[in-house]
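Undergrad: Dropping a prediction and its sequence here:
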Amino acid sequence: MTNVAEVSEKLYREVYRFVRRRTQSPSVAEDLTQQVFTEAAASPVWQSGGDTVGLLFTIAKRRVIDEFRRSERKQVPLEHAETLAAPMTEPRDARAIVSAAIDRLKPDQRDVVLLKLI
């Protein structure tokens, strides 16, 4: 199965279904599936007639992971950049903030937190 057209015809739907089940959008799944076949066709494994099915699904899995990571990145508006770049609070301030938060807990919740920290 080294002919690109032949393999594409036989396995395109299977790879697409694999990708589609793991993505939110049909158009993203189509794009990723195309990337899978493009990358696979350029691979030495494909060229040498190796395990093309394994190659396709390995690449598909990696592209889905890449897409997931890309979609998880959050874009931060520039107006919030100063807040993100602000220096961290002093350890004394952090202790006061944590202590105040613990004091606001219900007694049984406070006990659990204190037992965990001590």
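TA: Sure, I can see it.
Undergrad: Starting from residue 97, give me the distance back to the residue located most distally from the centre of the chain.
TA: No residue in the chain sits farther from the centre than residue 107, which is 39.2 Å out by Cα atoms, centre = their mean. Distance, residue 107 to residue 97, by Cβ to Cβ, to the nearest Å: 20 Å. Glycine gets a C-beta too; all of them are placed from N, C-alpha and C.
Undergrad: pLDDT value on the residue farthest from the centre of the chain, please?
TA: We have a pLDDT of 85 for residue 107.
Undergrad: for residue 93, same thing?
TA: Listed pLDDT for residue 93 reads 75.
Undergrad: swap in the one 4 residues further on?
TA: We note a pLDDT of 83 for residue 97 in this prediction.
Undergrad: Three-state assignment for it, please.
TA: Using DSSP: H, G, I helix; E, B strand; the rest coil, the structure places residue 97 in helix.
Undergrad: Residue 39 too?
TA: Using three-state DSSP, the secondary structure recorded for residue 39 is helix.
Undergrad: Report the buried residues of stretch 50-58.
TA: Residues of stretch 50-58 classed as buried by neighbour count (16 or more other Cβ atoms under 10 Å): 52, 55-57.
Undergrad: May I ask which two of these are separated the most?
TA: Within the buried residues of stretch 50-58, 52 and 57 form the most distant pair, 9.8 Å apart (Cβ to Cβ).
Undergrad: Give me the mean pLDDT for stretch 46-57.
TA: pLDDT averaged over stretch 46-57 gives 84.
Undergrad: CA-only coordinates of that stretch in CSV, if you can.
TA: The C-alpha coordinates for stretch 46-57 follow below in CSV (Å, rounded to 0.1, in the frame of the first residue of the first chain):
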residue,chain,number,x,y,z
TRP,A,46,5.5,5.7,3.6
GLN,A,47,8.2,5.8,0.9
SER,A,48,9.7,2.5,1.9
GLY,A,49,6.3,0.7,2.0
GLY,A,50,6.3,0.3,5.8
ASP,A,51,3.3,0.2,8.1
THR,A,52,1.3,3.0,6.6
VAL,A,53,-1.8,2.4,8.7
GLY,A,54,0.3,2.7,11.9
LEU,A,55,2.0,5.7,10.5
LEU,A,56,-1.3,7.5,9.7
PHE,A,57,-2.8,6.9,13.1
